[in-house]
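Participant: build me a model:
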Amino acid sequence: MPASTHPALIVTEHGGPDVLRVEQREPRAPEGGELLVRVEAAGVNFVDTYQREGVYPVPTPFVLGSEGAGTVEAVGSDVTGFPAGARVAWSQTLGSAATLALVPAGDAVLVPDAVAATDAAAVMLQGMTAHYLVNSTYQVRAGDTVLVHAAAGGVGQLLVQLAKAAGATVLATASTEEKAAKARSLGADRVFNYTEIDDLATAVREATDGIGVAAVYDGVGKSTFDASLASLRRRGTLALFGAASGPVPPFDLQRLNPAGSLFVTRPTLKHYIATRAELEERATAVLGAVAAGTLKVEIGGRYPLADAARAYEDLQGRRTTGKLLLIP
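Facilitator: Predicted coordinates:
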């Protein structure tokens, strides 16, 4: 049985990283359909900052974190397929940044023996995000050219690899030469440095013989949106899956017409794993690729819960590459 109390990362009120506290919480036994999991690693994601700041309203106080991996300690009634001792991972359960977490069995998947818990925690949200973007939001085909923003980040690195595996030419952006080198090492054909280029769309047009790209995968948002639109070919797709630089202001849809009958979508993972079958399909594909070594995962930082504020400051300050984890 778990100890009477356990450490958890608490958002005491909506605000910046300074509102985070590590407090002792008393775990309860899992109820019907739940797993009690000892968390080995929890993912650090931008969605956490939106919840912490109140952009995505969650009543305070609450335990932060929606993604993790660990070992099942106990199961509630009606749970099948997840015995005590099973290794599991998940991506959509608030309260994951804790030593013990209650996870709905419907949100969890089994982790292959060949995948470390830290790697599983690192790819559940971002890996399945990259998977749906490349396979469903805009299905990349051999011969396509696509643009990946923030290509050295957690999702960006995975997008570069999956798009290359699908046969695409991958253009990418990064903010430093070190990050650009990381993107090239993962297969990016050309990387544009944000700080060294005045007109990204013109550079993309020049790199594509004036045509533009089939799709832009943009998790940056406000600061890249206009360049992303202007980089698209006729009937191209802008997949705006995040807002690291801030939300995109309202814009006139009529702009999409003269620009080439463009498509713009604001997808989110939960709508692409809305059924158990789709969750298992994407998780199996991503975790299987990690196990096979065909999808490389970079863990850019591991932080104890007590250093969670620094982890989120590093994430929002774009001072890291790869995936950041909290280790309870």
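Participant: can you give me the helices for the stretch 151-300 of the chain?
Facilitator: 154-165, 177-185, 200-207, 225-230, 276-292 (DSSP state H, counting those that start in this stretch).
Participant: ranking those by burial, who's on top?
Facilitator: Compared across the helices of the stretch 151-300 of the chain, helix 154-165 shows the largest average neighbour count, a mean of 26 (mean count of other CB atoms under 10 Å). Where you see a C-beta, it was placed from the backbone N, CA and C, and this is true even at glycine.
Participant: check which helices and strands that helix sits against.
Facilitator: helix 117-132, strand 145-148, strand 169-174, helix 177-185, strand 213-218 (3 or more CB pairs under 8 Å, 6 or more residues apart in numbering; DSSP states H and E).
Participant: show me how this protein divides into domains.
Facilitator: According to automatic domain parsing, the chain comprises the domains 6-124+276-327, 142-266.
Participant: Ala130 is nearest to which of those?
Facilitator: Among these, the nearest to Ala130 by CB to CB is domain 142-266 (3.8 Å).
Participant: what is the mean pLDDT for that closest one?
Facilitator: Here domain 142-266 scores 96 as its mean pLDDT.
Participant: and that domain, how far apart are its ends?
Facilitator: 24 Å (CA to CA, to the nearest Å).
Participant: cool, and stretch 203-214?
Facilitator: End-to-end distance (CA to CA), stretch 203-214: 15 Å.
Participant: what does it contact?
Facilitator: 138, 140, 144-147, 168, 171, 190, 192, 197, 231-234, 236-237, 260 (CB atoms under 8 Å, 6 or more residues apart in numbering).
Participant: could you dump the helices of the stretch 151-300 of the chain into CSV with distance to Gln316 added?
Facilitator: Below are these laid out as CSV (distance: least, CB to CB, whole Å):
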stretch, distance to Gln316
helix 154-165, 13
helix 177-185, 16
helix 200-207, 22
helix 225-230, 18
helix 276-292, 25
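Participant: among these, which comes closest to Thr118?
Facilitator: Going by CB to CB, the one of the helices of the stretch 151-300 of the chain nearest Thr118 is helix 276-292, 11.0 Å.
Participant: what distance separates the closest one from the centre of its chain?
Facilitator: Per CA atoms, centre = their mean, to the nearest Å, the displacement of helix 276-292 from the mean C-alpha position of its chain is 15 Å.
Participant: swap in stretch 10-27?
Facilitator: For stretch 10-27, the distance to the chain centre is 22 Å (CA atoms, centre = their mean).
Participant: now swap in stretch 273-292 and tell me
Facilitator: The answer for stretch 273-292 is 14 Å, by CA atoms, centre = their mean.
Participant: pull the contacting residues for the residue most central in space within the chain.
Facilitator: Compute the mean C-alpha point of the chain, and by CA atoms, centre = their mean the closest residue is Gln126, 2.7 Å away. Going by CB under 8 Å, 6+ apart, Gln126 touches Gly43, Asn45, Gly154, Val155, Leu158, Lys323.
Participant: try 10 Å this time
Facilitator: For Gln126, the contact set (CB atoms under 10 Å, 6 or more residues apart in numbering) comprises 43, 45, 67, 91, 153-159, 219, 269, 286, 297, 322-323.
Participant: could you do Ala152 as well?
Facilitator: 160, 172-176, 178-186, 188, 191, 298, 300, 318, 320-322.
Participant: turn the domains of the chain into JSON lines, columns for distance to Val134.
Facilitator: Shown next, in JSON lines, are these (distance: least, CB to CB, whole Å):
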{"stretch": "domain 6-124+276-327", "distance to Val134": "11"}
{"stretch": "domain 142-266", "distance to Val134": "4"}
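Participant: looking at those domains, which is closest to His131?
Facilitator: Here domain 6-124+276-327 is closest among the domains of the chain (CB to CB), at 5.0 Å.
Participant: end to end on that closest one, go ahead and measure it.
Facilitator: Terminal-residue distance, domain 6-124+276-327 (CA to CA): 14 Å.
Participant: what mean pLDDT does it have?
Facilitator: 96.
Participant: how about Asn193: what's its closest non-neighbour residue?
Facilitator: Ala180 (5.8 Å; CB to CB, 6 or more residues apart in numbering).
Participant: how close does the one you found sit to Lys323?
Facilitator: Counting by CB to CB, to the nearest Å, the separation of Ala180 from Lys323 is 19 Å.
Participant: kindly report the same for Gly153.
Facilitator: Gly153 is 9 Å from Lys323, by CB to CB.
Participant: name the residues that touch stretch 266-274?
Facilitator: Contacts for stretch 266-274 (CB under 10 Å, 6+ apart): 47, 66-67, 91-92, 107, 109, 124-126, 128-129, 131-133, 135-138, 221, 238-243, 247-248, 278-283.
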